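Chemist: my questions are about this predicted structure, shown below with the sequence.
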Amino acid sequence: MSSPPLDKTYNPTAVEKKWASHWAEHKLFHPRHTEKPESFCIVIPPPNVTGSLHIGHALNNTLQDILIRWKRMQGIQTLWIPGTDHAGIATQNVVERQLKKEGLSREDLGRQAFIERVWTWRHQSGDTIIEQLKQLGASCDWDRLRFTMDEGLSLAVRKVFVQLYDEGLIYRGERLINWCPRCLTALSDIEVEHEDIKGTLYYIRYTLADDPEAFLTVATTRPETLLGDRAVAVHPEDPRYQHFIGKQVKLPLTTRTIPIVGDAISVDREFGTGAVKITPAHDFNDFEAGERHGLEPLTLLDIKARMDPLGLKKALVDQDILATLSLKTVHDARPLVIEALQEQELLIKEEDHPMALGKCYRCKTVVEPYLSPQWFVKTGPLAIPAIEAVETGNIRIIPEGWKNNYLGWMRNIKDWCISRQIWWGHQIPAWYCRSCNKDHLVEPSSTSKENPGDHDLSPSLTMSCYITSDAKPIVSKTDPTVCPECGGSDLFQDPDVLDTWFSSALWPFSTLGWPEQTQDFNTFYPNATLVTGLDILFFWVARMVMMGIKMTGQIPFRDVYIHALVRDAEGQKMSKSKGNVIDPLTKMSQYGTDALRFTMASMASPGRDMKLAEERIEGYRNFVTKIWNAARFIQLHTDETQPSAQPKSRSFPDQWILSRLNHTIREVTQALENYRFDQATSHLYQFIWHEYCDWYIELAKPSLQQENHPDASATRHTLLESFEMIQRLLHPVMPFITEELWQSFPHEGLSIMTQPFPSEQPGWTNNGTEHDFSILQAVVSTTRTGRALLNIPANQPLTLYSTTTHDDDAASLKNVQIYIESILRSSLTLAQITDWPSDRILQLVAGNLTIGIPVEPNLDLHQVVKKVKKQIGAKDKECSRLQDRVSSPTFREKAEPSVVQESEARVTSLRQELSLLTSSEHQLATMTPS
RNA sequence: AGGCGGAUAGCUCAGUUGGCAGAGCACUGCCUUUACACGGCAGAUGUCGCAGGUUCGAUCCCUGUUCCGCCUACCA
């Protein structure tokens, strides 16, 4: 029954490995049926298959695991579903980079082969992160591992797509969207990151068509797009320009003329010159302005953001300019356009202009507004219940501060562009009949790769396949074989795939088997809590709420806990390029997983980014060691002890530690209930180190180390009992060491993780004992201070005296006398100062206690005098400040009576303390030869 | 431009329904006492960003302000 002695030092790596496989072997992460009716389900924010564990994952998953382990121990049926995300663009980019090294492109492989290649890669390295999560101790049900592109989830995706399409909530249309000219795909609004840059504002002269002397000056940051201008807008009430409205201007560098229109929305009279060029195909505002004024967009750029010869031709650009600009990137074209304008003396001036540039969130390439046919989700109707759910509190966002962030975004949500022109992902379940859509399709075979402009259609045609927005799709859950219109069988599927976040939006229910009404779905939906970082509040959380409510009629989860971003010690965002990443795996092997987990939890203060300094992890590694050594001590002294019945009586230290443990159980539980992981860990740390180890174990020593001590048996029992409970209390945060220690002591059961989480024990809380203990602490600490001041070695026995004027404290003093004596290895006499046997006794004051330490004749009392004087100074200052307050009539009149009373009481006790200190000072004077 | 958050010990951060300002790390001194030097004991450390206001009383509430961070949006 008794286990082998614990190693002298804790070896995290070996211990972690052992218990990880023990847990897996016994399938302890599976949901267990319990008597409790409620369930607790978390779905993991699925990490990308391209990824490996970074510090953000470590934080995110540690917090989830703490919740899951805690609830599981509370006897609630728990399920934590793991999985990974196919991460469309990101993963495709990774594989394309690999291909590039082989001198290949995805086009070289062709779509089918390319996708197979991605699958291969995904299988090879796709689950690295899963292994790492297991190393972190994540107690997910690994048998329920899902992937956003697995069969079941693909089915869910199709069902949702078809239903939303049928209801008109998904549509296809030609819109201006954000386009990444490197990834060659559309992006949604939130996939664009903005970066502040120093831009230039160019002032350009547009001459009136019917009067070469008259002109308008237009200010723009993008001169190269002026070739696509369809109008110049001025404010309809601007007296400077009113009379121009309706006239035509000559568009520089072209043979076109364009109208001057009045537009109050587009034009800010204060900005620039008050005249704005309207380029519908290359600016979101201008696109809308174009619709208001019936201006047809004129696309100048191709998919790689190069000046498209065909577009330039349609724009009637001057021949030589056209030749110069053709196939130049925006970056290269801009100076050429400026040069040409200068030559014609149309450039009036340039000035610096700070502006924000949109970049692709996957590859940081500058995105271009691009006109193309895309699929959209009509988000307005979906947002309404998603707003309501949060407003009414059906879904709680924690910390609450982020609620407004969510609501603000949701209330002015834009339609969601869900089509991506990439190959890796859920291909859109829409097909086209070739015979019905003859005029609406251009397929790869008809485009020339070498010469993208060499055809007479829109530049959009340089996409691999072009389907005009008025083509008629057949949207279906299953692949159709015949056209319902003409009965023809020449069908092909829309080549676009869905935004990765479309399948992620279904994650809380698709992972539970939906659309089947599975038992899992019925038991675990809605999920209890979603734990995620702020960065994906809109990408993911908002969409899950919309889709969850729409498709299941229920909210997807009740609580959303949002944690902060982990930064480095200097507050910088961690990134590989900066070289400041802290790799959690390295830290786990260096300090142990439990130390890292504890660190993560301790830093999870709400609403604040966390700066991770390595010393922090080191500090908690020391904490782990401390626990380990406490266990060794206990094992050493309880080796022969068998778990026995409750002891008949508990010693004073036993009673005290159980009272403090009860208190800690309450604090930790409350903290977890409020998602205050920081507070939970702080209470655990404080209690275990500074109460259990520093005081309780020290107090337990005498009864364990002396032979036949009357408290020995009860103490052994309490030591084991409390330590076992501490392991359970700590287990959710530190699963590995707690399992190891729990298993090393007498126990029943397969694993600590299925034992009950501690609850407060009736009868353990004991305020009297706690007060007694505070007296003990005061005497012990004060005596030690005295020892340090007098340079008396800690192991030299003393003859101590103590007294107090306070009756309760006098009683306490008596109660704890023998414990003080043993902990200080001294004798303690309780007697009034007048009864102390000698004059050479130093009086030290702690509250209303006076402690006497005999002083040898030759001792240097210099330090003591200094200390006492300082104390007197501080107390005096505080006392007179309080005195002033108490004697102020306005204070007595206006402050709460209890506060007045309290202040008076404090004045009284301060005065008493002062008089004790003064008496001590006098005493010192008699001992110090002057 | 708007919104949000932060500014407290040397560092990282708690905290206060307004009434003695706290922890960890680092630092100083003493101690290798059979759980632990990844340790013990003791100690030092603060204009609670700045300026006003409300209040008997403000680090906390209000107003303004300066820095820093984030988010959203964009003015061509």
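Modeler: Nice, thanks for sending it over.
Chemist: which residues does the nearest residue to A:F598 once chain neighbours are set aside contact?
Modeler: Of all residues not flanking A:F598 in the chain, A:Y620 sits nearest, at 4.4 Å (Cβ to Cβ, 6 or more residues apart in numbering). All C-beta spots, glycine's among them, are computed from the backbone N, C-alpha and C. Shown in contact with A:Y620 (Cβ atoms under 8 Å, 6 or more residues apart in numbering): A:591, A:594-596, A:598-599, A:602, A:685.
Chemist: try it again with 10 Å
Modeler: A:591-592, A:594-602, A:626, A:681, A:685, A:733-734 (Cβ atoms under 10 Å, 6 or more residues apart in numbering).
Chemist: kindly report the same for A:H26.
Modeler: Neighbour list for A:H26: A:750-751, A:753-754 [criterion: Cβ under 10 Å, 6+ apart].
Chemist: could you do A:E288 as well?
Modeler: Contacts of A:E288 (Cβ under 10 Å, 6+ apart): A:176, A:263, A:265-266, A:278, A:280.
Chemist: picking up where we left off before, among the contacts of A:H26, name the buried ones.
Modeler: A:751, A:753 (16 or more other Cβ atoms under 10 Å).
Chemist: could you check the pLDDT of the residue of chain A found nearest RNA strand B?
Modeler: Residue of chain A nearest RNA strand B, by Cβ to the nearest atom of the strand: A:A356 (2.0 Å). A:A356 is assigned a pLDDT of 85 by the prediction.
Chemist: cool, A:S446 as well?
Modeler: The model's pLDDT for A:S446 equals 42.
Chemist: sorry, back to before: so which of the contacts of A:Y620 are also by RNA strand B?
Modeler: Among the contacts of A:Y620, the residues that sit close to RNA strand B (Cβ under 7 Å from any atom of the strand) are A:626, A:685.
Chemist: which two in the contacts of A:Y620 are spaced the farthest apart?
Modeler: Farthest apart among the contacts of A:Y620 by Cβ to Cβ are A:M600 and A:K626. That separation is 19.0 Å.
Chemist: between those two, which is the more surrounded one?
Modeler: Taking other Cβ atoms under 10 Å, A:M600 and A:K626 do not tie; A:M600 has more neighbours (29 against 17).
Chemist: in a helix, the more buried one, correct?
Modeler: Yes: assigned with DSSP: H, G, I helix; E, B strand; the rest coil, A:M600 falls within a helix.
Chemist: so who does A:F147 touch?
Modeler: A:46, A:49, A:83-86, A:122, A:126-127, A:153-154, A:503, A:511.
Chemist: give me phi/psi at it?
Modeler: Main-chain dihedrals, A:F147, degrees, to the nearest 10: phi -140, psi 140.
Chemist: check the one 3 residues further on too.
Modeler: For A:D150, the backbone dihedrals (degrees, to the nearest 10) come out as phi -70, psi 170.
Chemist: contacting residues around it?
Modeler: Remark: with contacts taken as Cβ under 10 Å, 6+ apart, A:D150 is in contact with A:83-84, A:86, A:510-511.
Chemist: also A:I617?
Modeler: Contacts of A:I617 by Cβ under 10 Å, 6+ apart are A:582, A:584, A:587-588, A:590-592, A:595-600.
Chemist: ok, and of the contacts of A:E288, which contact RNA strand B?
Modeler: Filtering those for proximity to RNA strand B (criterion: Cβ under 7 Å from any atom of the strand) leaves A:S266.
Chemist: what's the farthest-apart pair in the contacts of A:E288?
Modeler: Maximum distance among those (Cβ to Cβ): 17.1 Å, for A:L176 and A:D263.
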